[in-house]
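[1] structure of the sequence below:
(chains A and B)
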Amino acid sequence: SAVISQKPSRDICQRGTSLTIQCQVDSQVTMMFWYRQQPGQSLTLIATANQGSEATYESGFVIDKFPISRPNLTFSTLTVSNMSPEDSSIYLCSGAGTGVHEQFFGPGTRLTVL
Amino acid sequence: GQQLNQSPQSMFIQEGEDVSMNCTSSSIFNTWLWYKQDPGEGPVLLIALYKAGELTSNGRLTAQFGITRKDSFLNISASIPSDVGIYFCAGPGGTSYGKLTFGQGTILTVHP
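    Down below sits the predicted model:
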């Protein structure tokens, strides 16, 4: 299984600003994903991060609001742009290798927007 | 899209008791996954199931892939305080490669 780290672990941000979250995997993975989770609730997929090309976004999520980069097989970033209090949530990245449905998750980034 | 219904939503049990939770799908799955999430952490994969009828154990945890391929069960035997957390079932999220759909989660509380 892959070990996934995220930075920052938490942040408190002002309305209207942007935050970039980094996700680092300790080995190459085929797929990387970004999720959002309200505390105590289920995970909602934001997008699939594609290496060297534009991410694939789920319904309700757009590139202008959540730009994603994936320059190689071990690293990805998610930016939460022009934040509002409704963006306060936990953001999780995950990776999957040869067992394509067996996703391994980072510890999450807890974001609070004031 | 595919939906997973997980039950119960929460459980309050005494240490030493056995736990059972289940997940049902509106469509057939070829993979079932069970995750556990501790407070402040990301979900951790407990068990992966790939075949209808499959029964797989991981220590005190046992999971089964339902014969109909539309359900799965997770059992925890002789619960201990560190079993506390949220348990999620997950399955392939539609036609897109590699995507997962998650159940709503079962919040487990174990009283010493």
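[2] for burial, what's the neighbour tally of whichever residue of chain A sits closest to chain B?
    As assessed by C-beta to the nearest C-beta, chain B sits closest to residue A:105 within chain A, at 3.3 Å. In short, each C-beta sits where N, CA and C put it, glycine included. Residue A:105: 23 surrounding residues under other C-beta atoms under 10 Å in any protein chain shown.
[3] may I ask which helix or strand encompasses the residue most central in space within chain A?
    Nearest to the geometric centre of chain A sits residue A:34, at 3.4 Å (C-alpha atoms, centre = their mean). Here residue A:34 sits within strand A:31-37, counting by DSSP states H and E.
[4] what residues are bridge-paired with the residue of chain A closest to chain B?
    When assigned by DSSP bridges, residue A:105 has beta-bridge partners residue A:94.
[5] from residue B:16, how far off is it?
    Note on residue A:105: its distance to residue B:16, by C-beta to C-beta, to the nearest Å, is 30 Å.
[6] one step back: other residues contacting the strand holding residue A:34?
    Applying C-beta atoms under 8 Å, 6 or more residues apart in numbering or on different chains, the contact partners of strand A:31-37 are A:23, A:25, A:43-49, A:55, A:66, A:68, A:70, A:76, A:78, A:89-96, A:100, A:103, A:108, B:97-100.
[7] show me how far it is from its chain's centre.
    5 Å (C-alpha atoms, centre = their mean, to the nearest Å).
[8] please list the residues of chain A that sit near chain B.
    A:1, A:4, A:30-31, A:33, A:40-43, A:45, A:48, A:56, A:92, A:94, A:96, A:99-108, A:110 (C-beta under 8 Å from any C-beta of the partner chain).
[9] ChimeraX command for the buried members of those?
    To isolate the buried members of those in ChimeraX, using 16 or more other C-beta atoms under 10 Å in any protein chain shown:
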select /A:4,31,33,42,43,45,48,92,94,96,101,102,103,104,105,106,107,108,110
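[10] sort out for me which of the residues of chain A next to chain B are in strands.
    A:4, A:31, A:33, A:43, A:45, A:48, A:56, A:92, A:94, A:96, A:104-105, A:110 (DSSP state E).
[11] just put those residues in CSV and tack on distance to residue B:60 and pLDDT.
    Shown next, in CSV, are these (distance: C-beta to C-beta, whole Å; pLDDT from 0 to 100):
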residue, distance to residue B:60, pLDDT
A:4, 26, 96
A:31, 30, 89
A:33, 29, 95
A:43, 25, 95
A:45, 30, 93
A:48, 34, 93
A:56, 38, 93
A:92, 26, 98
A:94, 25, 96
A:96, 26, 90
A:104, 22, 94
A:105, 22, 96
A:110, 30, 97
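[12] distance to residue B:22 added to these, as CSV?
    Compiled in CSV, those are given as follows (distance: C-beta to C-beta, whole Å):
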residue, distance to residue B:22
A:4, 29
A:31, 27
A:33, 25
A:43, 19
A:45, 23
A:48, 28
A:56, 31
A:92, 24
A:94, 24
A:96, 25
A:104, 24
A:105, 23
A:110, 30
